[in-house]
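In: dropping a prediction and its sequence here:
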Amino acid sequence: MGSNLKNKKHLFFDLDDTLWDFEKNSSQVLEKLFFEFELDKKLKTNFINFYFTYKETNSLLWQQYGKKEIDKSYLRNHRFNLTFKKFNYDNYNENLRVTEEYLNQSPKGKHLKESCIETLDYLDKHYKLHIITNGFKEVQSIKIDNCGLKNYFDTIIISEEHNLTKPDEKIFRLAENFAKTTKEECVMIGDNFESDIIGAINSGWDAIYFTEKNPENFSGKNISNLKELQTIF
Ligand SMILES: [Mg+2]
């Protein structure tokens, strides 16, 4: 750290909740499905409780997936039923129908993080831009194609296509190879401290932590709005 970020050549972005507003796009679809499937009556709870329980369940499954303890189909086919069960409701088939609708609808969401496009327009003039995202190929590519992001990026690495996930150093090495560059010229910008920031720093890259909260125990560069990148670069 400490090098002049303006001299970098390649900026690598995370996708979910860094460029694409996952929280907003995902919660809107979940709220719609919650009432369409009458989960308020079946689970005897409100949407907010359901949503936070789902997020907690999903995040634990993603951690297990990252450690290769479970596979993609287990993650997808059980996360709603595991959430249901926390409200004493168990319906595997209905869980599969919710999953199907969720996977079909949520990647089509078009909400981007604030100042995303104006910042990419600015950065695109001076730097090569790339994406490294942990996620499933069919979902992540629909998001990128649908919301007007695709043309800004030289290379797009979707973890599933390479069987590697951030923070594994190998995915950062792969990204350097794809971009035909070296670690000294690379910066990672992302909202996940472990995957994006620690992963990048351990790979010898600079990193910018995108977080709306004030990060404790982090002395590196951080931003709370993408717009701030226009003064850093
Ligand atoms: Mg993210």
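Out: Good, I have the coordinates. Residues are numbered from 1 along each chain as shown.
In: partner residues bridging the residue positioned nearest the centre of the chain?
Out: Geometric centre of the chain, nearest residue: residue 16, 2.6 Å, by Cα atoms, centre = their mean. Beta bridges link residue 16 to residue 20 when assigned by DSSP bridges.
In: return the residues in contact with it.
Out: Neighbour list for residue 16: 22, 133, 134, 135, 191 [criterion: Cβ atoms under 8 Å, 6 or more residues apart in numbering]. The way it works is simple: take the backbone N, C-alpha and C, and place the C-beta from them, glycine included.
In: quick one: residue 9 and residue 129 touch, right?
Out: No: the pair residue 9 / residue 129 is not scored as a contact, 10.6 Å apart, by Cβ atoms under 8 Å.
In: isn't residue 86 right up against residue 57?
Out: Yes: shown here, residue 86 and residue 57 form a contact pair, counting by Cβ under 8 Å, at 7.3 Å.
In: quick one: which of those two has more around it?
Out: Taking neighbours as other Cβ atoms under 10 Å, residue 86 and residue 57 compare with residue 57 leading, 19 against 15.
In: am I right that that one is in contact with residue 85?
Out: No: if you go by Cβ under 8 Å, residue 57 and residue 85 don't touch, sitting 9.2 Å apart.
In: secondary structure element for the residue of the chain positioned farthest from its centre?
Out: Each residue of the chain has a distance to the centre, and by Cα atoms, centre = their mean the biggest one is for residue 41: 31.3 Å. Taking DSSP states H and E as the definition, residue 41 sits inside helix 39-43.
In: other SSEs contacting that helix?
Out: Counting contacts by 3 or more Cβ pairs under 8 Å, 6 or more residues apart in numbering; DSSP states H and E, helix 39-43 packs against helix 47-66, helix 72-85.
In: what lies in contact with the last one?
Out: What that stands for is helix 72-85. If you take Cβ under 8 Å, 6+ apart as the criterion, helix 72-85 is touched by 39, 42-43, 50, 53-54, 57-58, 61-62, 64-65, 90-92, 94-96, 98-99, 102-103, 136, 160.
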